[in-house]
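> sequence and computational prediction follow.
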Amino acid sequence: MKNQIISGILAVSVIAGITSCSGTVKDNGKDEAPTAAVTTTAAEDRSEDMEETAGQDDISVTDDAASAGGSSSDAGTGFTVPPELTEDDDILFTYSYSNMAWGFTHVVTLVTRSGDLYTSEDWIGLDPEIALLYLKTYAKPNGHLDPEKIADLYEACLEISPDAKTSEVQTAYDMGNYVLNFRNQETGEEITVFKRGDFKLDTEDEALSNAMDKAERLMGFIPAPTPSYGLHIYPNMLNVPYGGEDLIGTHKIFDSYEKLESFCLENGIDIEPYMSSNVKSNLQEASAIVLQVFDTNCPVDGTLRTGKDTFIFLPTLAAYEYNPEFEGKVTVAICRNDLFAKQSFVDENGDFWQ
């Protein structure tokens, strides 16, 4: 039987891996290169600042990040059915924090037309709409803004010329940068509306100045983007068929490739035919490799860290080409995750990874 999940947004094959990249962002003459996250930032300090300064109904913030989102299960397959994205889910702005002072931190908040805020680290190089689909399916918003105020800011941003002149002034060191980007839903163009932290974005352009003022007033009530979630979609995710039943539900951590290889040989999991040389090299360099045996043969795309210590694999939401070698078998998902070398994690049921 050909098992397939159809998603209009995800027209990609899991076999090739999901490596879609968002376009560069116009900083009115400057391109901001995509970056990658390794460390996390603390939420407490910025949350306290918000509580002291906000005192109004523009924003609500949730802290129960480990709860599941709006997905459902397709009866008969056990596969996750992604929620349908509507106009309310249009990502009008992205609000990011990045810092290279101590390790590397990069966290992004997606601001939707409805006012929902989805914040995650670790999904650099992934199209924001795809990131939103995974976060809506497996997570939930971590805050909410007044949609009327978002609409007002969006309308102001529509008046900005992509050629508006700007300059940057260094105002600090090692603070990192907070950047708000406007995403034009008609043209697909992105424009930086404000930047603050180590550098401050200045302009004499009237339309940009107006939007900047509105943005500072509204977005200033959002705490710094903090990693409620860590979303990884891996081009090097390894999906291997397993014909037995004894290991279903098993989830393990290995601190070397040799230990992973030994476990698979002992349990009849043949990983070699499904590994490219790049995947094998990547796993051999890892300080932590994670493995989970599912009860379906749906491919797995990536992982999601929810809250501080919960870690789950993500069954694909994309249309994919069915592999007949998986017929009557289940999926063993394997990937590198060096974060396990530093932290203890539990799965979605609260059980520690072995």
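Structure received.

> check Thr53 and give its pLDDT.
Model confidence at Thr53, expressed as pLDDT, equals 30.

> please apply the same query to Ser98.
Reading off the model, Ser98 has pLDDT 83.

> over to Thr166?
pLDDT, the model's per-residue confidence, is 93 for Thr166.

> report the beta-bridge partner residues of it.
Legend: beta-bridge partners of Thr166 under DSSP bridges are Thr203.

> doesn't Asp205 make contact with it?
Yes: taking contacts as Cβ atoms under 8 Å, Thr166 lies within contact range of Asp205: 7.5 Å. The C-beta positions use only the backbone N, C-alpha and C, and glycine is treated the same way.

> now do the contacts for Asp202.
With contact set as Cβ atoms under 8 Å, 6 or more residues apart in numbering, Asp202 has these partners: Thr166, Ser167, Glu168, Val169.

> all strands for the stretch 101-250 of the chain, in order.
Read by DSSP state E, counting those that start in this stretch, the stretch 101-250 of the chain holds these strands, from start to end of the chain: 105-112, 116-121, 143-145, 166-170, 177-183, 190-197, 199-203, 229-233, 238-242.

> check which residues of the second one are buried.
Judged by neighbour count (16 or more other Cβ atoms under 10 Å), strand 116-121 contains these buried residues: Asp116, Leu117, Tyr118, Thr119, Ser120, Glu121.

> so what are the sheet partners of it and their directions?
strand 105-112 (antiparallel), strand 143-145 (antiparallel), strand 229-233 (parallel).

> CA atoms only for it - export them in PDB, please.
The C-alpha coordinates for strand 116-121 follow below in PDB (Å, rounded to 0.1, in the frame of the first residue of the first chain):
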ATOM      1  CA  ASP A 116       0.300  33.800  17.400                       C
ATOM      2  CA  LEU A 117       4.000  33.700  18.200                       C
ATOM      3  CA  TYR A 118       6.100  30.500  17.500                       C
ATOM      4  CA  THR A 119       9.600  30.600  18.800                       C
ATOM      5  CA  SER A 120      12.400  28.100  18.000                       C
ATOM      6  CA  GLU A 121      16.100  27.800  17.600                       C
END
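
> gap between that strand and the chain center?
Strand 116-121 has its C-alpha centroid displaced from the chain centroid by 8 Å (Cα atoms, centre = their mean, to the nearest Å).

> give the rounded mean pLDDT of that strand.
Here the mean pLDDT over strand 116-121 is 88, rounded to a whole number.

> same question, the fifth one
Per-residue pLDDT values over strand 177-183 give a mean of 92.

> got the CA coordinates for it in CSV?
Taking only C-alpha atoms (Å, rounded to 0.1, in the frame of the first residue of the first chain), the coordinates of strand 177-183 have been written out as CSV:
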residue,chain,number,x,y,z
ASN,A,177,21.3,41.7,17.9
TYR,A,178,17.5,41.8,18.0
VAL,A,179,16.2,42.1,14.4
LEU,A,180,12.6,42.5,13.1
ASN,A,181,12.0,41.6,9.5
PHE,A,182,8.9,42.5,7.6
ARG,A,183,7.7,39.9,5.0
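
> between strand 199-203 and it, find me the angle.
With axes from the mean of the first three to the mean of the last three Cα atoms, to 10 degrees defining the directions, strand 177-183 sits at 40 degrees from strand 199-203.

> strand partners (parallel or antiparallel) of strand 177-183?
As assigned by DSSP bridges, strand 177-183 forms pairs with strand 91-99 (antiparallel), strand 190-197 (antiparallel).
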